[in-house]
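S.K.: need a 3D model of the following:
(4 chains)
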2 protein chains.
Amino acid sequence: MGLTKSEIFTDQQNEISTFAKAFAHPARVAILQHLFNIDTCVCGDLVNEIGLAQPTISQHLKELKQLGLIKGNIEGTSVCYCINKENWAQMKDILSPFLNQDIIKKATCC
Amino acid sequence: MGLTKSEIFTDQQNEISTFAKAFAHPARVAILQHLFNIDTCVCGDLVNEIGLAQPTISQHLKELKQLGLIKGNIEGTSVCYCINKENWAQMKDILSPFLNQDIIKKATCC
DNA sequence: GATATTAATCGTAATATTGCAATGAACAAA
DNA sequence: TTTGTTCATTGCAATATTACGATTAATATC
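M.R.: This next block holds a predicted model:
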């Protein structure tokens, strides 16, 4: 069927997987890293930086924007994309407890 | 088309996205959370805990095992799955710097 | 041996994702 | 107004992912 059964999972589990999905493609990782390292950024920059076609980059940017991890302002003919710091912090608040959880009990079986 | 161009990205970017992919499905998040909270765990347990069919759970477990995030020992008729603590720590060492990076410069555009 | 239990594997269907050529929309410069 | 630039959108093809019924493999129990 190929359709994730989101309704059987908790909101927290769905949130974690949704944010993880944002990072589940190296192009989006590269885009975010570049946005962190440069102050201002247009899409054309990213096309040169990353070796993918312009529509592909645009699509990845759209996904990141829909998730709220980046925001973009129109600047004349170009568009200025940057990290949405507030939402990035919120994302970390959701992912960090999951990544940093500890094992409560330890059985002998493994 | 439909094929991620891994070769144009750095090893680090590919590693981050590969681990993120492990968490990009709520069922795998739920499986990992359950393994953290219980000392020993068999596949049947997970089928009851999560509302997916046994082959589906088995497939998700296989992916997590291939990534090294969990390990499983055969215990008679059942299988004992648990978190691979060493590899989990290694995964955190790769993901944390990415999640915790700070913006170096801040332009006025956004 | 026969039967039951547990989990992996196979096969298949449905949906999602990735990538890009072609096109379109918006705006700046000539 | 025409031309060029920049990025979004559309449409499509190829691959990946998700899910599960049916089956198989392995082991325990009778």
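S.K.: ok, the most centrally placed residue in chain A to A:Asn87 distance?
M.R.: By CA atoms, centre = their mean, chain A has its centre lying nearest to A:Ala22, at 3.4 Å. Between A:Ala22 and A:Asn87 the distance is 11 Å, computed by CB to CB, to the nearest Å. Every C-beta, even on glycine, is put in place using the N, C-alpha and C of the backbone.
S.K.: residues touching the residue nearest to the centre of chain A, list them.
M.R.: The contact partners of A:Ala22, by CB atoms under 8 Å, 6 or more residues apart in numbering or on different chains, come to A:28, A:63-64, A:67, A:69, B:20.
S.K.: please pick the buried ones from those.
M.R.: A:28, A:64, A:67, A:69, B:20 (16 or more other CB atoms under 10 Å in any protein chain shown).
S.K.: thinking again about what came up before, who touches both of A:Ala22 and A:Asn87?
M.R.: Common neighbours of A:Ala22 and A:Asn87, using CB under 8 Å, 6+ apart, are A:67, A:69.
S.K.: okay, and the helix or strand of chain A with the least pLDDT?
M.R.: strand A:70-75 (a mean of 86; mean pLDDT, DSSP states H and E).
S.K.: for it, which helices and strands make contact with it?
M.R.: Applying 3 or more CB pairs under 8 Å, 6 or more residues apart in numbering or on different chains; DSSP states H and E, we find strand A:70-75 packed against helix A:26-37, helix A:54-67, strand A:78-83.
S.K.: in the helix or strand where A:Ile16 lies, what counts as buried?
M.R.: Following DSSP states H and E, one finds A:Ile16 within helix A:11-22. Neighbour-count burial for helix A:11-22, with 16+ other CB under 10 Å as criterion, is recorded at A:13-22.
S.K.: buried ones in stretch A:51-69?
M.R.: Of all the residues in stretch A:51-69, those buried under the rule 16+ other CB under 10 Å are A:52, A:57, A:60-61, A:64, A:67, A:69.
S.K.: how about stretch A:92-101?
M.R.: So for stretch A:92-101, counting by 16+ other CB under 10 Å, buried means A:95, A:98-99.
S.K.: hang on, the earlier thing: could the buried residues of stretch A:51-69 go into a markdown table alongside pLDDT and distance to A:Cys41?
M.R.: Below are these laid out as a markdown table (pLDDT from 0 to 100; distance: CB to CB, whole Å):
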| residue | pLDDT | distance to A:Cys41 |
| --- | --- | --- |
| A:Leu52 | 96 | 15 |
| A:Ile57 | 97 | 11 |
| A:His60 | 98 | 13 |
| A:Leu61 | 97 | 10 |
| A:Leu64 | 98 | 12 |
| A:Leu67 | 97 | 17 |
| A:Leu69 | 97 | 14 |
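S.K.: closest to DNA strand C out of the residues you listed?
M.R.: The nearest member of the buried residues of stretch A:51-69 to DNA strand C, counting by CB to the nearest atom of the strand, is A:Leu52 at 3.8 Å.
S.K.: and that closest one, that's in a helix?
M.R.: No - checked against DSSP: H, G, I helix; E, B strand; the rest coil, A:Leu52 lies outside a helix; its state is coil.
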